[in-house]
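K.L.:
any chance you can model this:
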Amino acid sequence: MRLLILGGSWFVGSALIAAAADAGHELTVFNRGRSVDTYPTGVEHFRGDWESEADVFHLASLGPWDAVIDVAGVIPSLVKRCARALAPVADRYVFMSTISAYRDWPYKAVDESSPLWEADPDYDPGTRSWDPDAYGPLKVGCELAVAREFGADRALVLRPHVVLGPREYVGRLPWWLARVERGGRVIVPAPDRSIQPVDVRDLAAFALDRAEARDVGVYNVAAPPGRDIFSGLLDACREVTGGDVESVWVEEQWLIDQGVTQWTELPLWRALPTAWSMATNRAESSRVSMPTAPRDCGGYVGVVAGWRPRSEP
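P.N.:
Residues are numbered from 1 along each chain as shown. Okay, the predicted model is just below:
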């Protein structure tokens, strides 16, 4: 296939480029080039900016492509302009959205039919600063923009849960790895809580598989519900880092009473079982080339395998 990847210089995009290059696809990557300047052999890198209409239309002149895979779009008006320019020269548009698109998450379990935030495909917030409360509605606006410009029969939307693995920059997995490596007593909540993070390499493999299949529609992408638990993640961190830790399991209400900020001060912890209740039936029933079993023993060792202790180069 001939693929165009929008973004692609960091976390999800980096994994996607590696998977597509390994599969022998012809790749064009469009981004500002601020994070990565080198790509696998044969990858065409077009340096440009979403904010520049001239850059976007010059990009379109480089087509055609079998599929566009957008891992970076977050401003609906910019995604609309890009999708409009590319619609005549690309067969499919694959948009990487988020579980935050669901209005009721994390307070209710969600599937692909769950209500979304109200959104406007023409909207521009006028700022490019990060706003976690606006992120979900903005992504929904992008989804609407893609559907309007490409049509439902040419658009694929992926809504992943928390994505972990090599080159993760939010700091969730690195926080736990660094804490476990340091050793000592570690406060850990809800050891038996089911969690559903998805390995970035599996997300990339799934996106590529669905693009190759010329698929359309919406998929939730996460680990299967009930397969993995919080304590398994900590066990994998201990195995990979060699940290000598004593896990101290504490009541969630006690953490709340102490004012511990959920999801940030203890990453991946939320005192809501529904936060990890994302239905993945549709993705699991699709024919995919990605592995259906965990990548390594316990499920998480493969996810954290990119970690290197600070004492090593």
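
K.L.:
domain parsing for the protein?
P.N.:
2-162+198-221, 166-195+228-276 (automatic domain parsing).

K.L.:
residue 282: which of those is closest?
P.N.:
Residue 282 lies closest, by CB to CB, to one member of the domains of the chain: domain 2-162+198-221, at 5.6 Å. Any C-beta I mention is one placed from the backbone N, CA and C, and that applies to glycine too.

K.L.:
turn the domains of the chain into CSV, including mean neighbour count, distance to residue 285 and mean pLDDT.
P.N.:
Listed next are the domains of the chain as CSV, based on neighbours: other CB atoms under 10 Å; distance: least, CB to CB, whole Å; pLDDT from 0 to 100:
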stretch, mean neighbour count, distance to residue 285, mean pLDDT
domain 2-162+198-221, 19, 10, 94
domain 166-195+228-276, 17, 20, 91
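
K.L.:
just put those in a markdown table and tack on distance to residue 286.
P.N.:
Output for the domains of the chain, formatted as a markdown table (distance: least, CB to CB, whole Å):
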| stretch | distance to residue 286 |
| --- | --- |
| domain 2-162+198-221 | 7 |
| domain 166-195+228-276 | 20 |
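
K.L.:
out of the ones you listed, the one nearest residue 284 is which?
P.N.:
Nearest to residue 284, of the domains of the chain and by CB to CB, is domain 2-162+198-221 at 9.8 Å.

K.L.:
now do the residue nearest the centre of the chain, the pLDDT please.
P.N.:
With distances taken as CA atoms, centre = their mean, residue 163 lies nearest the centre of the chain, 4.8 Å away. What the model reports as pLDDT for residue 163 is 94.

K.L.:
where along the stretch 151-300 of the chain do the helices fall?
P.N.:
172-182, 200-212, 230-241, 252-257, 281-285 (DSSP state H, counting those that start in this stretch).

K.L.:
so which of those comes closest to residue 70?
P.N.:
helix 200-212 (10.2 Å).

K.L.:
was I right to think residue 12 contacts residue 71?
P.N.:
Yes - using CB atoms under 8 Å, residue 12 is in contact with residue 71, at 4.8 Å.

K.L.:
what do those two both touch?
P.N.:
residue 96 (CB atoms under 8 Å, 6 or more residues apart in numbering).

K.L.:
what separation do you get for residue 106 and residue 134?
P.N.:
17 Å (CB to CB, to the nearest Å).

K.L.:
ah, wrong one, I meant residue 221
P.N.:
22 Å.

K.L.:
please apply the same query to residue 153.
P.N.:
30 Å.

K.L.:
can you put the helices of the stretch 151-300 of the chain in CSV and add distance to residue 124?
P.N.:
Formatted as CSV, the helices of the stretch 151-300 of the chain follow (distance: least, CB to CB, whole Å):
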stretch, distance to residue 124
helix 172-182, 29
helix 200-212, 26
helix 230-241, 38
helix 252-257, 37
helix 281-285, 32
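
K.L.:
quick one: which of these is nearest residue 5?
P.N.:
Comparing those by CB to CB, helix 200-212 comes nearest, at 9.9 Å.

K.L.:
from the rest of the structure, what touches the closest one?
P.N.:
Contacts for helix 200-212 (CB under 8 Å, 6+ apart): 1, 3, 11-12, 15-16, 18-20, 23, 25, 66-67, 69, 92, 94, 96, 156, 158, 160, 163-168, 219, 221, 283, 286-291, 295.

K.L.:
ok, now which ones touch residue 55?
P.N.:
So, once contact is read as CB under 8 Å, 6+ apart, residue 55 ends up touching 48-49.

K.L.:
tell me how far it lies from residue 3.
P.N.:
For residue 55, the distance to residue 3 - CB to CB - is 19 Å.

K.L.:
and residue 87, by the same measure?
P.N.:
16 Å.

K.L.:
I'd assumed residue 119 was in contact with residue 140.
P.N.:
Yes - Residue 140 lies in contact with residue 119 (CB under 8 Å); the separation is 3.8 Å.

K.L.:
so what's the nearest residue to residue 107 once chain neighbours are set aside up against?
P.N.:
Spatial nearest neighbour of residue 107, chain neighbours left out: residue 274 (6.1 Å); criterion: CB to CB, 6 or more residues apart in numbering. Going by CB under 8 Å, 6+ apart, residue 274 touches 105-109.

K.L.:
return the member of these nearest to residue 79.
P.N.:
Distances from residue 79 to the contacts of residue 274, taken by CB to CB, are shortest for residue 105, at 21.5 Å.

K.L.:
distance of the closest residue to the closest one other than its chain neighbours relative to residue 109?
P.N.:
Nearest non-adjacent residue to residue 105, counting by CB to CB, 6+ apart: residue 99, 5.6 Å away. Applying CB to CB, the value for residue 99 to residue 109 is 11 Å.

K.L.:
please apply the same query to residue 129.
P.N.:
31 Å.

K.L.:
in the chain, which helix has the most residues?
P.N.:
Secondary structure of the chain per DSSP state H: the longest helix is helix 132-150.
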